[in-house]
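Task: produce atomic coordinates for the following.
(one chain, ligands or ions: 2)
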Amino acid sequence: MSDPHLLLALDQGTTSSRAIVFNKSGQKVAVAQREFAQHYPRPGWVEHDAEEIWATQLAVMTEVLESPDVTMSAVAAIGITNQRETLVVWDRASGRPVAPAIVWQDRRTADDCARWREAGHEEQVTALTGLRLDPYFTGSKLAWLLRETPGLRERAKRGEVLAGTIDTWLLWKLTDGAVHATDASNASRTLLCNIDTVAWDDALLALMEVPRAMLPEIRDSAGDFGRVADGLPGAGLPIAGVAGDQQAALFGQACFERGMAKNTYGTGCFLLMQTGAERVASANNLLTTVAWRLRGRPAYALEGSVFVAGAAVQWARDELKLVSSAEELSELAGSVPDAGGSILVPAFAGLGAPHWDPYARGTWMGLTRGTGRAQLCRAVLESIALQSADLMQAMMQDSGLELKELRVDGGASRSDVLMQIQADLLGCEVVRPQETETTALGAAYLAGLGVGLWSDREEIAAQWAQERVFVREGERFRHDALWKDWQRAVRRAKAWAREDDA
Ligand SMILES: Nc1ncnc2c1ncn2[C@@H]1O[C@H](COP(=O)(O)OP(=O)(O)O)[C@@H](O)[C@H]1O
Ligand SMILES: O=P(O)(O)OC[C@H](O)CO
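Ligands and ions are numbered 1, 2, ... in the order given. The predicted structure follows:
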């Protein structure tokens, strides 16, 4: 029998849990996916059932391990990648969550963040974390839960309840409580982690009133995360790689050189540029984040996060019933040269980078009697590309680097029309790789490095291959005019949820 040469990636996303088995050449051998419920108990709140996340993740893992193309003995290791920032708090003894998971999109802590800002904490928090005082990040969610749940803080101090992001929750369940850990990339999204030392920071814990005893140990992104517990599918397999999904995608896109960037078009859009061992403090409202930490050495990235991207396509399909599929939306959008002057700002969950306004709300400007379905569909795709263009502009200003190429991935990167709009706006090459499941691939690569299946990153970089390159078409001034109109529309969407009618 040959040596173990397969890697199992567990990709726990915002809307679905996936398991993908890759071979040593980075090709998919087996795939399984399950969607799970999204809960919106109040305006601006978004919750998941952590037990359902675990159940769906376990189900897809079981499914791929039972696939005819996979034998357990051929699997070398497991890599975990996950929706980031989402908070789970659970009881150590029973392993049951004490509350619904508070999802990264949840805005319930907007007022808490505003209060901290008004009390003058923003500058210190940004300096320590590379992030901002925004409800997006785990820390404010944990502070909220500790405050709102009677007795929880005391139990946390006694080590009876534990906290974690989704990677930590899955690790706990997979190892049956043997491992309470996270990796450096996930930790860097919590608002509790010092970005330079990559350790929990006392000043931040004090500000958010979070007991240290409930937090996981921070480990390298590739290495020992324990083994799958007896009685579970894959029992005994080593878990050897962990990274937040956007950092995993940066790794899966082989962005190993300083200045290389990728944009993932999923529910949201996440543009990350690798900046090497040095972290670049943003002057343009981007985030600094840990890309990964290998052998104790962190690599950093600049990140721009857009909260609603592919989700706008789903909204147009499911709520507006404009189309019956994302593919149809893309086709209709491609049937017209422009959106007829209409601009959608999909600020359904506020605006992320570089605008950072939790009180912004969606708006559709410039509608006329002549605006038809195709134009509306085009405006949906343009809104995704325009938000990404804002990020890209901020990133080039921050880094001082001129981007020649943007590597793309994620569900919506399958739309040729969207990719063309993106290339038109940016003027750089937009390059789609053959393998667009780069998040899962990145987790598999990290796990493979963790168990020594690949000796170095050069071997991995050699596997990356492009499928299609999009370059700017049409006159630049038209694209620039669209971008200018977008800025005007964004200004009008801002602060909507805070203003009264007077
Ligand atoms: N052909 C397409 N054109 C435009 N958007 C698409 C297309 N296919 C998928 N999408 C969008 O991509 C998103 C799914 O991408 P995925 O990477 O699976 O997201 P996530 O990991 O955030 O759940 C959905 O929001 C969907 O609307
Ligand atoms: O689940 P995704 O792919 O939408 O990614 C979510 C991000 O990690 C949130 O920061």
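
pull the helix or strand with minimum mean pLDDT from the chain.
Taking mean pLDDT, DSSP states H and E as the measure, the chain has helix 457-461 as its least confident helix or strand, at a mean of 88.

residues in contact with whichever helix or strand comes after it?
Sequence-wise, the next helix or strand downstream of helix 457-461 (DSSP states H and E) is strand 466-470. Contact with strand 466-470 is made by 416, 419-420, 422-423, 429-434, 436, as judged by CB atoms under 8 Å, 6 or more residues apart in numbering. (Glycine included, C-beta is placed from N, CA and C.)

circling back: so which other helices or strands are in contact with the least confident helix or strand of the chain?
helix 438-450 (3 or more CB pairs under 8 Å, 6 or more residues apart in numbering; DSSP states H and E).

How about the stretch 301-450 of the chain: which residue is closest to ligand 2?
Nearest residue of the stretch 301-450 of the chain to ligand 2, counting by CB to the nearest ligand atom: residue 305, 5.9 Å away.

Doesn't that residue lie inside a helix?
No: counting by DSSP: H, G, I helix; E, B strand; the rest coil, residue 305 is not found in a helix; it is strand.

Just give me the neighbour total for it.
By other CB atoms under 10 Å, 26 other residues sit near residue 305.

Spatially nearest residue to it (excluding sequence neighbours)?
Take residue 305 and drop its neighbours on the chain: the residue closest to it by CB to CB, 6 or more residues apart in numbering is residue 352, 4.5 Å away.

The one you found contacts residue 285, correct?
No: assessed by CB atoms under 8 Å, residue 352 is found out of contact with residue 285, at 9.5 Å.

Which residues are in contact with residue 70?
Counted by CB under 8 Å, 6+ apart, residue 70 has contacts 6, 21, 29-30, 64.

now residue 258
Here residue 258 is in contact with 274-276 (CB under 8 Å, 6+ apart).

Which of the three states applies to it?
Per three-state DSSP, residue 258 ends up coil.

Nearest spatial neighbour of it, chain-adjacent residues omitted?
residue 276 (4.0 Å).

swap in residue 453?
In space, residue 453 is closest to residue 76, 5.3 Å off (CB to CB, 6+ apart).

Pretty sure residue 90 sits in a strand.
Yes: counting by three-state DSSP, residue 90 falls inside a strand.

Look up how far ligand 2 lies from it.
To ligand 2, residue 90 is 20 Å away according to CB to the nearest ligand atom, to the nearest Å.

and that residue, how many neighbours does it have?
24.

what's near enough to touch it?
By CB under 8 Å, 6+ apart, the neighbours of residue 90 are 50, 96-98, 161-162, 169, 172.

try it again with 10 Å
Contacts here follow CB atoms under 10 Å, 6 or more residues apart in numbering; on that basis residue 90 touches 50-51, 96-99, 101, 161-164, 168-169, 172-173, 177, 214.

just the buried members of those?
50-51, 97-99, 101, 161-164, 168-169, 172-173, 177, 214 (16 or more other CB atoms under 10 Å).

between residue 352 and residue 285, who's got more neighbours?
Neighbour totals were compared for residue 352 and residue 285, and residue 352 leads with 29 against 16 (other CB under 10 Å).

Do I have it right that that one meets residue 388?
No: Residue 352 lies out of contact with residue 388 (CB atoms under 10 Å); the separation is 11.3 Å.

Residues that sit against both of these two, list them.
269-270, 304, 306.

quick one: the one helix or strand residue 430 maps to near ligand 1?
Using DSSP H and E, residue 430 maps to strand 429-433. No: judged by CB under 6 Å from any ligand atom, strand 429-433 makes no contact with ligand 1; its nearest approach is 12.2 Å.

same for that strand, what does it pack against?
Contact here means 3 or more CB pairs under 10 Å, 6 or more residues apart in numbering; DSSP states H and E; on that basis strand 429-433 packs against strand 261-265, strand 405-409, helix 416-426, strand 466-470.

Contacts only, for the closest residue to ligand 1 within the stretch 351-500 of the chain.
Nearest residue of the stretch 351-500 of the chain to ligand 1, counting by CB to the nearest ligand atom: residue 411, 2.1 Å away. Counting by CB under 10 Å, 6+ apart, residue 411 makes contact with 13, 15-16, 264-267, 309-310, 313-314, 326, 436-437.
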